[in-house]
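3D, please:
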Amino acid sequence: MSRSPGVMHTDKVLDVLAGGGAPSDLSASWRRSGHLHALDPASRLPSHRLSQADIAAAQQRLGGFLKVAQSTLDRLFLAVGGVGCSVLLADRDGVVVDRRGAGADDATFDAWGLWTGAVWSEKYEGTNGIGTCIVEKRPLSIDREQHFFTRNSGLFCTTAPIFDEHGELAAALDVSSCRADLTGGFSRLIATTVTDAARTIEAENFRRAFPDARILLTPKSERAVNSLLAVDRDDLVIGATRAARRALGLNAASLARPLPAADLIGETRDAGDLAAAERAALQRALARAGGNVSKAARDLDMSRATLHRKLKQLGLHR
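Sure thing, here's the model as predicted:
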């Protein structure tokens, strides 16, 4: 007597939890689901959902970030909604705070838990696109039987993380489908589209966070629209996206002190007048000298008294 696909999937997950099965990228997530969160792959409990008050609180915590994401969510849905896909935006706890879906598919998506207020963290849903993306902080796809729960083994999910202006994980963007006829090529195309959309949201949020700054794309990152630096009027770096931090070796400590953009990317502002150019040059010299006026003066080949006078004329402080 042959076993049902559901029983076979449950047995496969249990085999991995017992230490068997071939190693894979999903093994660690399945083990987190079973050992850390004590989940049963055969469980048929419905998805965990928050109350309306808790949903509103989660949305409020995202603040302006949620507003920034709206136009990108709309464009993404226009691209994938017509082929039976749902677009979900979840916060860093896996709570779905916004969604897009065709009205004709609402009942189906609701039944699968692809709905605002559903919690798709690994703690509640085991291995899945949103939850595993949040833990591993990388774009990934979880296709059907790669899910931990047997009840989710009919879903295809592809998810990309979204990082805030400080380089910290803020949300996850997901496209999910319960269609059985999704081809591998089409699935990969959706995954690429989701990753690009997540990068767009990151970039737009970064610009919102630094409205008065000049935004620079880091060198050799023309395709990485989210690898950005925020530079003030004196060409000092005041912010960097996660992608830029990784590309340039930056961290919170290095960004906490004055950092000339020219030292990172070899580019300075095309100043409109000599005073602006001189001001920027002095600021960069002070930044490189760690605020030490004597050292900055030596680097600029001028006396300390001359540098003090120029700083006073330009309204600059140590």
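
Not counting sequence-adjacent ones, nearest residue to residue 263?
In this structure, residue 263 finds its nearest non-sequential neighbour in residue 288, 7.1 Å apart by C-beta to C-beta, 6 or more residues apart in numbering. C-beta here means a position set from N, CA and C on the backbone, and glycine is covered the same way.

residues contacting the one you found?
260, 263, 296, 299 (C-beta atoms under 8 Å, 6 or more residues apart in numbering).

Quick one, which of those are buried?
Among those, those classed as buried by 16 or more other C-beta atoms under 10 Å are 260, 296.

Identify, from the contacts of residue 288, the entry nearest to residue 175.
residue 263 (40.0 Å; C-beta to C-beta).

Just the element for the closest one, please.
helix 261-265 (DSSP states H and E).

What residues sit buried inside that helix?
261-262, 264-265.

quick one: stretch 70-81 to chain centroid distance?
Between the centre of stretch 70-81 and the centre of its chain there are 17 Å (C-alpha atoms, centre = their mean, to the nearest Å).

That one: which residues count as buried?
In stretch 70-81, counting by 16+ other C-beta under 10 Å, buried: 72-73, 76-77, 79-81.

List the beta-bridge partners for the most centrally placed residue in the chain.
A centroid search over the chain (C-alpha atoms, centre = their mean) returns residue 162, at 1.6 Å, as the residue closest to the centre. Counting by DSSP bridges, residue 162 forms beta bridges with residue 171.

Wait, it touches residue 194, no?
No - at 10.5 Å, residue 162 does not count as touching residue 194 under the criterion of C-beta atoms under 8 Å.

domains of this structure?
Here the domain assignment for the chain is 5-207, 214-313, based on automatic domain parsing.

for the first one, the distance to its chain's centre please.
Pointing back at domain 5-207 there. 14 Å.

model confidence over that domain, on average?
Across domain 5-207, pLDDT averages out at 93.

now the helices for the chain?
Taking DSSP state H as the test, the helices found in the chain are 5-17, 27-31, 52-62, 64-80, 106-112, 122-125, 129-136, 184-209, 242-248, 252-255, 261-265, 274-288, 293-299, 304-313.

And these: which comes nearest residue 156?
Judged by C-beta to C-beta, the one of the helices of the chain that comes nearest to residue 156 is helix 184-209, at 6.2 Å.

and that closest one with helix 129-136, angle?
60 degrees (axes from the mean of the first three to the mean of the last three C-alpha atoms, to 10 degrees).

Next one: the nearest residue to residue 166 once chain neighbours are set aside, what pLDDT does it get?
Distances taken as C-beta to C-beta, 6+ apart place residue 252 nearest to residue 166, at 7.7 Å, with adjacent residues excluded. We have a pLDDT of 90 for residue 252.

what's the burial count for residue 252?
11 (other C-beta atoms under 10 Å).

quick one: it and residue 151, what's the gap?
41 Å (C-beta to C-beta, to the nearest Å).
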